[in-house]
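Enquirer: the sequence and its predicted three-dimensional model are supplied below.
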Amino acid sequence: MIDELEVLRRANPVQEIDITGGQAALLWAAVNRRRGKTMHLQTVTVWCRDWHATRAFYVGVLGLLVQVEEDGRFCVLDAGGTTLCIDAAHGKPVSTAQLLFRVDDLDEIRTRAEAIDYPVREPRDSSDSLVLSDPDGREVIIQPSQ
Amino acid sequence: MCWVDADERFRQLFQRHFKAVLAYALRRALSRSDADDVAAETFAIVWRRMDQLPTGDAALPWLYGVARRSLANQRRSRRRAEALVTRLGGERPSQEAEPRSAVLDALHRLPEADREILRLAAWEDLQAREIAVVLDITPNAAAIRLHRARRRLKAELEGAE
């Protein structure tokens, strides 16, 4: 005896959504853009142990453009409307964070990472995205903009 | 209702239901980004129609109804864009293959109206009275349509064995 609804229930293609805070934030921001309510995040500062390695990651691998910098101390990067500031921790505790970027060309970042053997992890879900860790271990998720 | 109340009520609504709405969209859209768009558009429409939002447990089926129409709009836009590309001599973008199993194959042999009512019952776990809200029909009509759709799916599944 077939319980057709139960059979179909088991074939549910999305049983549970594993959604990160970053993805929830993106959706909330998209909703707010559509309802004309925006609050712009101006600057995010991450404190890092190894300034040069961290700069190399965000500039060399991710391709963010440097706006202002002082060698070994800080650099201010254009993160698409928000400024990402990389500050040397100089003994202070480093920040933990998860950063989620939307990019037009995912493969460009993959190619740059692979060129220097920078580890790229597969996403936990089956989405078309890249997961990297910056030199301090902060998770950086890259998703295509469309 | 003052603006602050409406804003807070909307925030709570999003907090409570965004996963369910996103899951609804993910089960039906062609891609993750399409599903994100449908979910965002759904809540944007809901914001404009907060005065019509039912209270309590009736809110989620109502949200599914809005999501359903958003998804239909997105599909229409996509078809228009593809038709334009074809007229201009370009290649139609390839559609992602839907994941198939014997059950999903059986489901896809049914008319769209049957498919949606079955998905709502099985995947969104809705009762006939809630399905009625989503589809904007009477509870009685929803119960009858669900019964018939179940019978047709059962026949398809038995035929496939």
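Expert: On my side now, so go ahead.

Enquirer: how about the residues of chain B that lie near chain A?
Expert: Within chain B, the positions adjacent to chain A are B:14, B:18-19, B:22-23, B:26-27, B:32-33, B:36-37, B:39-41, B:43-44, B:47-48, B:99, B:101, B:103-104, B:107, B:118-119, B:121-123, B:125, B:150, B:153-154, B:157-158 by C-beta under 8 Å from any C-beta of the partner chain. Quick note: C-beta positions are derived from backbone N, CA and C, even for glycine.

Enquirer: which residue ranges of chain A form helices?
Expert: A:4-10, A:21-34, A:51-55, A:106-115 (DSSP state H).

Enquirer: so which of these gets nearest residue B:143?
Expert: helix A:4-10 (13.5 Å; C-beta to C-beta).

Enquirer: elements contacting that closest one?
Expert: Other elements packing on helix A:4-10 under the criterion 3 or more C-beta pairs under 8 Å, 6 or more residues apart in numbering or on different chains; DSSP states H and E are helix B:102-108, helix B:112-122, helix B:139-160.

Enquirer: for residue 21, list the residues it contacts.
Expert: By default, I'm working from chain A. Counting by C-beta atoms under 8 Å, 6 or more residues apart in numbering or on different chains, residue A:21 makes contact with residue A:98.

Enquirer: actually chain B
Expert: B:39, B:42-43, B:63-64, B:67.

Enquirer: from those residues, which is closest to chain A?
Expert: Closest to chain A out of the contacts of residue B:21 is residue B:43 (4.3 Å), distances taken as C-beta to the nearest C-beta.

Enquirer: look up the closest residue to the closest one, ignoring the ones flanking it.
Expert: Leaving aside its sequence neighbours, residue B:43 sits nearest to residue A:31 (C-beta to C-beta, 6 or more residues apart in numbering or on different chains; 4.3 Å).

Enquirer: try residue A:24
Expert: By the measure of C-beta to C-beta, 6+ apart, the closest residue to residue A:24 outside its immediate chain neighbours is residue B:18, 6.9 Å from it.

Enquirer: list the buried residues of the helix or strand harbouring the one you found.
Expert: Using DSSP states H and E, residue B:18 falls within helix B:3-28. Buried residues in helix B:3-28, counted by 16 or more other C-beta atoms under 10 Å in any protein chain shown: B:10, B:13-14, B:17-18, B:20-26, B:28.

Enquirer: make CSV out of those and add pLDDT and distance to residue A:92.
Expert: CSV is the format used below for the buried residues of helix B:3-28 (pLDDT from 0 to 100; distance: C-beta to C-beta, whole Å):
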residue, pLDDT, distance to residue A:92
B:10, 91, 39
B:13, 92, 40
B:14, 92, 36
B:17, 94, 40
B:18, 93, 36
B:20, 94, 42
B:21, 95, 41
B:22, 94, 38
B:23, 94, 41
B:24, 95, 45
B:25, 95, 42
B:26, 93, 41
B:28, 92, 48
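
Enquirer: those: which two are farthest apart?
Expert: The largest distance within the buried residues of helix B:3-28, taken as C-beta to C-beta, falls between B:10 and B:28 and amounts to 23.8 Å.

Enquirer: interface residues of chain A facing chain B?
Expert: Residues of chain A lying near chain B by C-beta under 8 Å from any C-beta: A:2, A:4-14, A:16-17, A:19, A:24, A:26-28, A:30-31, A:34-35, A:127-128, A:144, A:146.
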